[in-house]
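Trainee: Structure of the sequence below:
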Amino acid sequence: MPWKEVSPMEERVKFAVLAESGRMSMSELCVDYGISRKTGYKWLGRYREGGVSGVRELSRRPRHCPHRTQESIERLIIQERRRHRTWGPKKLQWILQCAHGLEGAPAISTIAQILKRHGLIRKRRRKPGLYPLKRGELTAAEHPNHVWAADFKGWFVLKNGLRCDPLTSTDLYSRYVLCCRAMGNQQQIPTRRAFQALMRHYGCPEIIRVDNGAPFGSMRIAGLSRLSVWWILQGIQVEYTRAGKPQDNGSQERMHRTLKAEATDPPSANHRAQHRRFERWRYEFNHLRPHEAIGMQPPAQLYQRSNRRLNDHDIRLRYPKHYRVKRLSPNGVLLHQGRTYYVGEALAGVPVGLYHDPSGITELHFANIHLGYLVGPNKRSHRPDAHIAPPDRKPLAKSQRKSEL
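Mentor: Have a look, this model is predicted:
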């Protein structure tokens, strides 16, 4: 015989009926049901007021929330969202402040919760990149200008209300801070100009170590950006750290900690004043401050300028004789055998090498970097055009494809 399941609702109704009948005292009922007398009288009072529905489980939600968003503002957010279906919480907050003149608009997180509660947004899982990046081993610096590290320290706001992005670069052998420039953004063009001025003064390194974020890296083929392609065309090897591993550039991050404590708090009045402050800090760090990692010596005692000078023009890339060299279009497109392959704007206008092996697979190379394989349209696939497969996804040869069919 199976056990009979009893719900809390049924037990409350039985308790209230017995208590109302008067056949048992309240103390005896409370002992039998394992509750306090206070709870027993509460259930009995609810039963007398509302009957069976009165002993249902009530919501524990507060009846009033003093900091809750007003219903009129919530309706306005929903109205603007339905009018602009692709706008997110940031844009909706802006339109509340600018278009509607709303002072003290809800926070971005609050707007996101309102949209989510009304079913206007849903959580999306970020799709992995088409080209998963596998970074190799990092090079240990053996002499000055062997490995430079470059990065943007976290931005902060100056006293004039403008954003400041400190661009830093360090020689990893001597720990000499080569650059600490107060930039207005992290865009590719001003960053490239800053490195042009830096390399005209100190020369060029053999390797530059950077992270995967813009403007140093990208989510496209081989993780290259326009800036890293320019470095390669100058004969400099670009070395990327592992994604989400700041310890791969630990000395640079430690230098940022010192920079933040000594030269950014409080911030200066404007970019020019902040840059002068960075230069004073850089002189003290390089010439006066002993560094524990190099035997308590100032970095200036170990550093010397590089003999490799910056070229006014890009170097000429040389590929093996059995490679077919083609130059990409200004928008980063490769035309090969009547098919169009989009390589990426970072490699726009550069010469690439094509190697066609006997099995019928074509490899795509830039300098000493294997970009991937050229894959033509497949009638059995939904992909509409030709594409480039990453290096770790080598397509099947013609003989293998025929055997599968």
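Trainee: can I assume Cys180 is in contact with Asp165?
Mentor: No. Cys180 is beyond contact range of Asp165, at 11.5 Å (criterion: C-beta atoms under 8 Å). Using the backbone N, CA and C atoms, a C-beta is placed for each residue, glycine as well.
Trainee: got any ranges where the stretch 251-400 of the chain has weak pLDDT?
Mentor: Applying pLDDT under 70 to the stretch 251-400 of the chain picks out residues 378-385, 396-400.
Trainee: one more time with 80, if that's ok
Mentor: 290, 292, 296, 312-315, 376-387, 389-400 (pLDDT under 80).
Trainee: What segments of it are strands?
Mentor: 324-327, 333-336, 339-342, 351-356, 362-366, 369-375, 387-389 (DSSP state E, counting those that start in this stretch).
Trainee: quick one: which of those strands is nearest Glu10?
Mentor: strand 387-389 (63.4 Å; C-beta to C-beta).
Trainee: Now do that closest one: distance to the chain's middle.
Mentor: When distances are taken as C-alpha atoms, centre = their mean, to the nearest Å, strand 387-389 is centred 24 Å away from the chain's centroid.
Trainee: coming back round to it: now for the strands of the stretch 251-400 of the chain, which one comes closest to Asp171?
Mentor: Taking C-beta to C-beta, strand 369-375 is the member of the strands of the stretch 251-400 of the chain nearest to Asp171, at 24.5 Å.
Trainee: Leu227: what secondary structure?
Mentor: Put simply, Leu227 is helix when judged by DSSP: H, G, I helix; E, B strand; the rest coil.
Trainee: I'd say it and Gln188 touch.
Mentor: Yes. Leu227 lies in contact with Gln188 (C-beta under 8 Å); the separation is 5.3 Å.
Trainee: what do those two both touch?
Mentor: By C-beta atoms under 8 Å, 6 or more residues apart in numbering, Leu227 and Gln188 have these common neighbours: Pro215.
Trainee: So between Cys180 and Asp165, which is more surrounded?
Mentor: More crowded of Cys180 and Asp165, by other C-beta atoms under 10 Å: Cys180, with 22 against 18.
Trainee: outside of stretch 286-298, which residues touch it?
Mentor: Here stretch 286-298 makes contact (C-beta under 8 Å, 6+ apart) with Ser174, Arg175, Tyr176, Val177, Ser251, Pro299, Ala300, Leu302, Tyr303.
Trainee: now that stretch, how far from the chain's geometric center?
Mentor: With C-alpha atoms, centre = their mean, you get 34 Å for stretch 286-298.
Trainee: can you check stretch 73-93 too?
Mentor: Counting by C-alpha atoms, centre = their mean, stretch 73-93 is centred 25 Å from the centre of its parent chain.
Trainee: From here on, call the first residue 24.
Mentor: Got it, first residue is 24 now, which makes that one stretch 96-116.
Trainee: thinking again about what came up before, comparing Leu250 and Gln211, which shows the higher neighbour count?
Mentor: Legend: neighbour count by other C-beta under 10 Å for Leu250 and Gln211, higher for Leu250 (23 against 18).
Trainee: OK, contacts around the more buried one?
Mentor: Residues near Leu250 by C-beta under 8 Å, 6+ apart: Gln211, Thr214, Arg215, Phe218, Pro238, Phe239.
Trainee: got the residues you listed as a markdown table, with secondary structure and pLDDT columns?
Mentor: Listed next are these as a markdown table, based on DSSP: H, G, I helix; E, B strand; the rest coil; pLDDT from 0 to 100:
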| residue | secondary structure | pLDDT |
| --- | --- | --- |
| Gln211 | helix | 91 |
| Thr214 | helix | 94 |
| Arg215 | helix | 93 |
| Phe218 | helix | 94 |
| Pro238 | coil | 90 |
| Phe239 | coil | 89 |
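Trainee: Buried only: go through those for me.
Mentor: Burial by neighbour count, 16 or more other C-beta atoms under 10 Å: within the contacts of Leu250 this picks out Gln211, Thr214, Phe218, Pro238, Phe239.
Trainee: just to revisit the earlier point, and the contacts of Leu250 as a markdown table, adding distance to Ser44?
Mentor: As requested, the contacts of Leu250 are exported to a markdown table (distance: C-beta to C-beta, whole Å):
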| residue | distance to Ser44 |
| --- | --- |
| Gln211 | 83 |
| Thr214 | 84 |
| Arg215 | 89 |
| Phe218 | 89 |
| Pro238 | 81 |
| Phe239 | 80 |
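Trainee: out of the residues you listed, who's nearest Ser192?
Mentor: Ser192 lies nearest to Phe218 out of the contacts of Leu250, by C-beta to C-beta, at 7.7 Å.
Trainee: how close does that closest one get to Met206?
Mentor: According to C-beta to C-beta, to the nearest Å, Phe218 stands 12 Å off from Met206.
Trainee: and if you look at Tyr196?
Mentor: 25 Å.
Trainee: what does Gln102 give?
Mentor: Taking C-beta to C-beta, one finds Gln102 at 40 Å from Met206.
Trainee: thinking again about what came up before, would you list the strands of the stretch 274-423 of the chain in a markdown table and tack on mean neighbour count and distance to Lys61?
Mentor: A markdown table is the format used below for the strands of the stretch 274-423 of the chain (neighbours: other C-beta atoms under 10 Å; distance: least, C-beta to C-beta, whole Å):
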| stretch | mean neighbour count | distance to Lys61 |
| --- | --- | --- |
| strand 347-350 | 12 | 85 |
| strand 356-359 | 16 | 78 |
| strand 362-365 | 16 | 73 |
| strand 374-379 | 18 | 81 |
| strand 385-389 | 20 | 78 |
| strand 392-398 | 20 | 73 |
| strand 410-412 | 19 | 71 |
